[in-house]
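*Asks:* Make a model of this:
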Amino acid sequence: MPSPTLQQFFGASATLVGGNLTLDLDDFADVGLSNTATAPGDILAAIILKIIANTPTDAATTDKLWSVTIGDPFISVVRDNEQLERSFPVSFYTPFTASVFDPDAVI
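*Replies:* Below you'll find the model as predicted:
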């Protein structure tokens, strides 16, 4: 199962240098984020949508083909029918022998 690149997860301009992850908000315009967004929730939502949009699937089985996948959202009406809650299941694939979740062990 292949691991995605930084650019597949975080956009074409994403870099990781010296422990610093740099993202360009313009890379998230295709999923609806404006480059003036400052709310952390907006940015996180755009990252999730970018990962969903870029995750390849096996045409024969429709299985996700990356070591980290985000599934279809569960949608609920909340707060007196005034808001929608979208919950996205996130899956991380690790070796079968890993008893405790370790982000360094994601395949």
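*Asks:* host element of residue 91?
*Replies:* Assigned by DSSP states H and E, residue 91 belongs to strand 90-92.
*Asks:* Give the partner strands of that strand in its sheet and their orientations.
*Replies:* Sheet partners assigned to strand 90-92 using DSSP bridges are listed as strand 68-70 (antiparallel).
*Asks:* right, and the helix or strand after the partner strand?
*Replies:* Past strand 68-70, the next helix or strand by DSSP H and E is strand 74-78.
*Asks:* Can you name the next helix or strand after that next one?
*Replies:* Counting by DSSP H and E, what follows strand 74-78 is strand 83-87.
*Asks:* isn't residue 102 right up against residue 94?
*Replies:* Yes: with contacts counted by C-beta atoms under 8 Å, residue 102 reaches residue 94, the gap being 7.2 Å. Every residue, glycine included, has its C-beta placed from N, CA and C.
*Asks:* which of these two has more neighbours?
*Replies:* Set side by side, residue 102 and residue 94 show more neighbours around residue 94, with 16 against 11, by other C-beta atoms under 10 Å.
*Asks:* what comes into contact with stretch 4-15?
*Replies:* Stretch 4-15 is contacted from outside by 16, 21-24, 26-28, 47, 50-51, 54-55, 66-68, using C-beta atoms under 8 Å, 6 or more residues apart in numbering.
*Asks:* neighbours around residue 49, how many?
*Replies:* With other C-beta under 10 Å as criterion, residue 49 counts 17.
*Asks:* before we move on, what about residue 51?
*Replies:* Using other C-beta under 10 Å, the number of residues around residue 51 comes to 20.
*Asks:* for residue 5, same thing?
*Replies:* Using other C-beta under 10 Å, residue 5 has 10 other residues around it.
*Asks:* separation between it and residue 34?
*Replies:* 25 Å (C-beta to C-beta, to the nearest Å).
*Asks:* export stretch 80-90 as CSV, just CAs?
*Replies:* Only the C-alpha atoms of stretch 80-90 are listed here, as CSV (Å, rounded to 0.1, in the frame of the first residue of the first chain):
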residue,chain,number,x,y,z
ASP,A,80,-32.3,22.7,16.6
ASN,A,81,-32.1,21.9,12.9
GLU,A,82,-29.9,24.9,12.1
GLN,A,83,-26.6,23.2,11.3
LEU,A,84,-25.3,20.1,9.6
GLU,A,85,-22.6,18.0,11.3
ARG,A,86,-20.3,16.2,9.0
SER,A,87,-18.2,13.4,10.6
PHE,A,88,-15.4,11.9,8.5
PRO,A,89,-14.0,8.5,9.5
VAL,A,90,-10.2,8.5,9.2
